[in-house]
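In: Any chance you can model this:
(one chain, ligands or ions: 1)
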Amino acid sequence: MITETRPDLLSSLIAGKPLDGVAFKALTEHTDARGSFTEIFRDSWGTCLTPAQWSLVRSEPNVFRGMHLHRRHDEYFSLIEGHCLIGLRDIRPDSPTYNQSALYELTGTDPKVLVFPRGLLHGWYFFIPSIHVQAVSEDYAHYSHDDNWGCHWSDPELELPWGISDPVLSDRASQFPPLRQLLKNLATPGFSA
Ligand SMILES: Cc1cn([C@H]2C[C@H](O)[C@@H](COP(=O)(O)OP(=O)(O)O[C@H]3O[C@H](C)C(=O)[C@H](O)[C@H]3O)O2)c(=O)[nH]c1=O
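Out: Predicted coordinates for the structure are as follows:
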């Protein structure tokens, strides 16, 4: 069982402003003597997501996943247990929140869901052992080879005040380019992720 270090913590937006098309929704945990029941997704909630794949992800402390970008699919994140940050950067030129960022802090003791549309750079950092579920509107077999872009999490031009240093990264994420280079790559016809 993962023990929370901060039971008083609430899941909330801690920096920046809500980005266009992003849903941040509280979940209702129904508890009784047997435990609890929490719905984590309904079509009728009206988020941007039509799920094609769900995944369960376990992360060790000080792990950072991202920053990733997908041009074709929307994404869902809900922290089941643990404590994490989620950073988003809007790089959609037509968006009313273009070139803006948002940083969220989530805790498993205050369950919430974040659903965001395609075209937002995203990454998550885990402070303690954590478990989350994520969903995508295009499955990995279809997007992984040509729509799994990334930039380096520490680029100051992301304008995300992570407040962390030297996280554990995948080999691939450790070699992601700066944001400016990613934007150039995205604008280069035929350049693949
Ligand atoms: C995403 C994914 C991964 N995998 C396998 C491939 C690797 O052997 C292992 C870890 O994959 P990866 O290093 O890509 O996981 P993350 O760094 O958490 O990144 C993933 O989650 C971030 C937030 C993204 O947005 C990426 O699109 C997605 O790749 O799981 C699968 O088998 N299916 C999948 O859908």
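
In: Please state the offset of the lengthiest helix in the chain from the chain centre?
Out: The longest helix of the chain (DSSP state H) is helix 179-186. Distance of helix 179-186 from the chain centroid (CA atoms, centre = their mean, to the nearest Å) equals 20 Å.

In: how about the residues of this protein near the ligand?
Out: By CB under 6 Å from any ligand atom, the residues of the chain that approach the ligand are S55, R65, G66, H68, Y140, N148, S170. Any C-beta I mention is one placed from the backbone N, CA and C, and that applies to glycine too.

In: Next, format those as a markdown table and append pLDDT.
Out: Below are these laid out as a markdown table (pLDDT from 0 to 100):
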| residue | pLDDT |
| --- | --- |
| S55 | 98 |
| R65 | 98 |
| G66 | 97 |
| H68 | 98 |
| Y140 | 94 |
| N148 | 95 |
| S170 | 98 |
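
In: Give me the buried subset of the residues you listed.
Out: Buried subset of the residues of the chain next to the ligand (neighbour count, 16 or more other CB atoms under 10 Å): R65, G66, H68.

In: partners of the second one in the sheet?
Out: Right, the one you point to is G66. Going by DSSP bridges, G66 is paired in beta bridges with G123.

In: For the lowest-mean-pLDDT helix or strand in the chain, which residues meet the burial criterion?
Out: Within the chain, no helix or strand scores below helix 140-143, which has a mean of 92 by mean pLDDT, DSSP states H and E. Buried positions in helix 140-143, judged by neighbour count with 16+ other CB under 10 Å: Y143.

In: Contacts for it, please.
Out: Here helix 140-143 makes contact (CB atoms under 8 Å, 6 or more residues apart in numbering) with Q53, H70, R72, H73, V136.

In: From the chain's centroid, how far away is it?
Out: 18 Å.

In: any idea which helix or strand comes after it?
Out: strand 149-150 (DSSP states H and E).

In: what's the closest of the buried ones among the residues of the chain next to the ligand to P18?
Out: G66 (19.3 Å; CB to CB).

In: what sits against that closest one?
Out: G66 touches G87, L121, H122, G123, W124, G150, W153, A173, counting by CB under 8 Å, 6+ apart.

In: In TSV: the residues you listed, plus distance to E81.
Out: Formatted as TSV, those follow (distance: CB to CB, whole Å):
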residue	distance to E81
G87	20
L121	26
H122	20
G123	20
W124	14
G150	26
W153	23
A173	23
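
In: how close does the residue of the chain most remote from its centre sit to the ligand?
Out: Most distant residue from the mean C-alpha position of the chain: A33, 33.0 Å away (CA atoms, centre = their mean). Per CB to the nearest ligand atom, to the nearest Å, A33 is found 36 Å from the ligand.
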